[in-house]
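A.B. asks: pasting a predicted model and its sequence here:
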Amino acid sequence: MSQKQVAGWLKGITLSIAGMGLLFFGLVVPYLAWDMAVTYPDYAALRIPGILYGWGIAVFCYAILYQFWKVCVQIGRDNSFSGENARSFVVISRLAFVLAVVWFCRNSVPRGKAGAWTGISDFYDSAHFYQCGDRGACGGAVPSDLQVVRDEAGCGVDNIGRLRIVRK
């Protein structure tokens, strides 16, 4: 397989990932935000900040894809080990580092009524990651200002497996 063919395949994969990202960030993220606002009315005010947070992540993802596209162009020109590719990989690694810091900060902010950033974190964590039981799928307990609403049988899970959570 020639360098031009490899570059073509890599560009096709990159375009496929970009298309999946458009579907995810353009349709899934807004739908999940709407669903959480309907399911958990206490979090309705966090719908737009939650969407903006998701789209902020998308900007970094597409910046990484753009840098990778530049690498693919150089591979197609049979210039795989160029200084330009090295610079692109440095930019990719820095963008990935910033994303990791953003995700770490989002998960490290104390839960509660402290403010919007915490609220965005609560919006994602409480609404999406609390599955069956009082522990989250990622191991987090339900924040102290929330409670699980249980039905007559003692089950706190709605019909699609999420905890019914309300503010105390």
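C.D. replies: Cool, the structure landed.
A.B. asks: CA atoms for contacts and neighbours, from now on please.
C.D. replies: Will do.
A.B. asks: low-confidence ranges, this protein, go.
C.D. replies: Applying pLDDT under 70 to the chain picks out residues 107-168.
A.B. asks: which stretches of it form helices?
C.D. replies: Counting by DSSP state H, the chain has helices at residues 3-23, 29-39, 47-76, 83-108, 116-129.
A.B. asks: mind checking how far the closest residue to Arg47 other than its chain neighbours is from Pro41?
C.D. replies: Closest residue to Arg47 apart from its sequence neighbours, by CA to CA, 6 or more residues apart in numbering: Ala33 at 5.2 Å. According to CA to CA, to the nearest Å, Ala33 and Pro41 sit 11 Å apart.
A.B. asks: which of these two has more neighbours?
C.D. replies: Set side by side, Ala33 and Pro41 show more neighbours around Ala33, with 24 against 13, by other CA atoms under 10 Å.
A.B. asks: wait, isn't that one in contact with Ile51?
C.D. replies: Yes. The pair Ala33 / Ile51 is scored as a contact, 6.6 Å apart, by CA atoms under 8 Å.
A.B. asks: list residues touching both of these two?
C.D. replies: By CA atoms under 8 Å, 6 or more residues apart in numbering, Ala33 and Ile51 have no common neighbours.
A.B. asks: show me what counts as buried in stretch 70-83.
C.D. replies: Buried residues in stretch 70-83, counted by 16 or more other CA atoms under 10 Å: 70-76, 80.
A.B. asks: ends of it, how far apart?
C.D. replies: Stretch 70-83 end-to-end distance (CA to CA) = 12 Å.
A.B. asks: ditto for stretch 39-55
C.D. replies: End to end - CA to CA - stretch 39-55 spans 22 Å.
A.B. asks: what comes up buried for it?
C.D. replies: Result for stretch 39-55 [16+ other CA under 10 Å]: buried residues 39-40, 43-44, 46-47, 49-51, 54-55.
A.B. asks: and if you look at stretch 13-27?
C.D. replies: Under the neighbour-count criterion of 16+ other CA under 10 Å, stretch 13-27 has 14, 18, 21, 25 buried.
A.B. asks: so which of the helices of the chain is the most packed in?
C.D. replies: Most buried of these, by mean neighbour count (mean count of other CA atoms under 10 Å): helix 116-129, with a mean of 21.
A.B. asks: do you know how far the closest residue to Gln74 other than its chain neighbours is from Ser93?
C.D. replies: Among residues not flanking Gln74 along the chain, Ser80 sits closest, at 5.8 Å (CA to CA, 6+ apart). Counting by CA to CA, the separation of Ser80 from Ser93 is 18 Å.
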